[in-house]
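A.B. asks: the following block contains a protein sequence and its predicted model.
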Amino acid sequence: MKLTKGYNSKFWKDKVVWITGASSGIGEALVHELKDKGVKLVLSARRKSELERVRIQAGLSDDDCLILPLDLEKFTTLSELPGLVIRKFGRVDVLINNGGISQRSLAHETNLSTYQSIMNINFFGNISLSLALLPYFQNKNAGHIVSIASIAGKFGVPFRTGYSASKFALTGFYEALRAENTNHNIKITLVYPGFIKTNISENAYSGDGSKHGKVDPGIEEGIDSRVCAKKIISAIEMGKLETVIVRPKEKFAIFLHKYFLGLFSKLIPKAKVV
Ligand SMILES: NC(=O)c1ccc[n+]([C@@H]2O[C@H](COP(=O)([O-])OP(=O)(O)OC[C@H]3O[C@@H](n4cnc5c(N)ncnc54)[C@H](OP(=O)(O)O)[C@@H]3O)[C@@H](O)[C@H]2O)c1
């Protein structure tokens, strides 16, 4: 896969970038790609020990990094967190809503409570942080919100009914939020990755909410997380409205879904997605 060009270091200098899901996968890769750009980083996820591991491996000092554990599922507890970031660094410039959970179960084998948990983490947890920061961004007429959706938010993918729904929901929310906030100069970038090589399928929910615990072949052969992170960073720099980070066959699937829905709906049940 073609790599993006070098970063615009002036763009990043002294910015405060808050990354959720920073303890693993794409979020961890974003930390490594940003660590030498003169940014201050806020790392969030549930596992404090893993966030500390990422901070140490990235060579970040306490002066340049704030570890801010949070549970996106407990989305009503997040509203005070922007205040802690501003107290430490004096500002927030970019929020990357990356933390999330996937699903590997057929709809008829999935408990309603599992659907609810997916929506709480991937949708309500995600938008809660954006809503908590919104008045601050509106007051300063600046700010960039990035939301990591998925190719499963472009078309419905088998074994991921709840996951697809949560990622489609992000598109609706953020496109509407963008329209409401153009006068405030708030940038919103939606990111649609395809298969990226991370722990996503191991951590995914089975129907009863237990861990799937297996690596899908698609994920095993997926795009390297550092390549994905580079592309996200480049999209932020360019102020892109959205970016799709996929291999050619997933790109073709998006095309088929858009222009040949009948054919797409015959082919997608046969696609190897688990
Ligand atoms: N990998 C792919 O193929 C792919 C494709 C499309 C989109 N995505 C999206 O990319 C994002 C990152 O996933 P990944 O691939 O990097 O998977 P990953 O390796 O499983 O990482 C998921 C991250 O989300 C955090 N997280 C999960 N549940 C959380 C919760 N309740 N509260 C706070 N943080 C939580 C995890 O940290 P803790 O466990 O420490 O909380 C971890 O840091 C997700 O939104 C995913 O949907 C991934």
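C.D. replies: That came in fine, so what should we check first?
A.B. asks: didn't residue 247 look like it was pressed against residue 195?
C.D. replies: Yes. The pair formed by residue 247 and residue 195 meets the contact definition of Cβ atoms under 8 Å, at 6.9 Å. In this view, the C-beta of every residue, glycine as well, is placed from N, C-alpha and C.
A.B. asks: higher neighbour count, the two?
C.D. replies: residue 195 (24 against 16; other Cβ atoms under 10 Å).
A.B. asks: how much space separates that one from the ligand?
C.D. replies: Residue 195 is 5 Å from the ligand, where distance means Cβ to the nearest ligand atom, to the nearest Å.
A.B. asks: for the closest residue to that residue other than its chain neighbours, give me its contacts.
C.D. replies: Distances taken as Cβ to Cβ, 6 or more residues apart in numbering place residue 222 nearest to residue 195, at 3.5 Å, with adjacent residues excluded. The contact partners of residue 222, taken as Cβ atoms under 8 Å, 6 or more residues apart in numbering, are 194, 195, 196, 197, 198, 247.
A.B. asks: one more time with 7 Å
C.D. replies: Taking Cβ atoms under 7 Å, 6 or more residues apart in numbering as the criterion, residue 222 is in contact with 195, 196, 197.
A.B. asks: ok, and what's touching stretch 47-64?
C.D. replies: 22-24, 28, 31-32, 35, 40-41, 43, 45, 65, 67, 69.
A.B. asks: first-to-last residue distance for that stretch?
C.D. replies: 20 Å (Cα to Cα, to the nearest Å).
A.B. asks: does that stretch come close to the ligand?
C.D. replies: Yes. In this structure, stretch 47-64 sits against the ligand according to Cβ under 6 Å from any ligand atom; the contacting residues are 47, 50.
A.B. asks: what mean pLDDT does that stretch have?
C.D. replies: For stretch 47-64, the mean pLDDT works out to 98.
A.B. asks: before we move on, what SS does residue 214 have?
C.D. replies: coil (DSSP: H, G, I helix; E, B strand; the rest coil).
A.B. asks: what's the answer for residue 17, then?
C.D. replies: Going by three-state DSSP: residue 17 is strand.
A.B. asks: that one: neighbour count?
C.D. replies: Residue 17, neighbours per other Cβ under 10 Å, totals 24.
A.B. asks: check the one 5 residues further on too.
C.D. replies: Neighbours of residue 22 under the rule other Cβ under 10 Å: 29.
A.B. asks: what sits up against the lengthiest strand in the chain?
C.D. replies: For the chain, the strand with the greatest residue count under DSSP state E is strand 187-193. Contacts to strand 187-193, defined as Cβ under 7 Å, 6+ apart, come from residues 144-151, 153-154, 171, 174, 177-178, 228, 232, 235-236, 239-245.
A.B. asks: let's see that with 6 Å instead.
C.D. replies: Applying Cβ atoms under 6 Å, 6 or more residues apart in numbering, the contact partners of strand 187-193 are 144-149, 151, 154, 174, 178, 228, 232, 235-236, 239-240, 242-245.
A.B. asks: check whether it contacts the ligand.
C.D. replies: Yes. For strand 187-193, a contact with the ligand is found by Cβ under 6 Å from any ligand atom, at residue 193.
A.B. asks: partners of that strand in the sheet?
C.D. replies: strand 144-148 (parallel), strand 242-245 (parallel) (DSSP bridges).
A.B. asks: need the pLDDT of residue 7.
C.D. replies: 67.
A.B. asks: before we move on, what about residue 13?
C.D. replies: Here the pLDDT value assigned to residue 13 is 95.
A.B. asks: measure the residue nearest to residue 195 to the ligand for me?
C.D. replies: Between residue 222 and the ligand the computed distance is 5 Å (Cβ to the nearest ligand atom).
A.B. asks: separate out the buried members of the contacts of stretch 47-64.
C.D. replies: Neighbour-count burial (16 or more other Cβ atoms under 10 Å) applied to these gives 22-24, 28, 31, 35, 40-41, 43, 45, 65, 67, 69.
A.B. asks: the stretch 101-250 of the chain against the ligand: which residues are in contact?
C.D. replies: Proximity of the stretch 101-250 of the chain to the ligand, by Cβ under 6 Å from any ligand atom, involves residues 101-102, 121, 148, 150, 193, 195-196, 198-200, 203, 219, 222.
A.B. asks: following element in sequence after the longest strand of the chain, please.
C.D. replies: strand 196-197 (DSSP states H and E).
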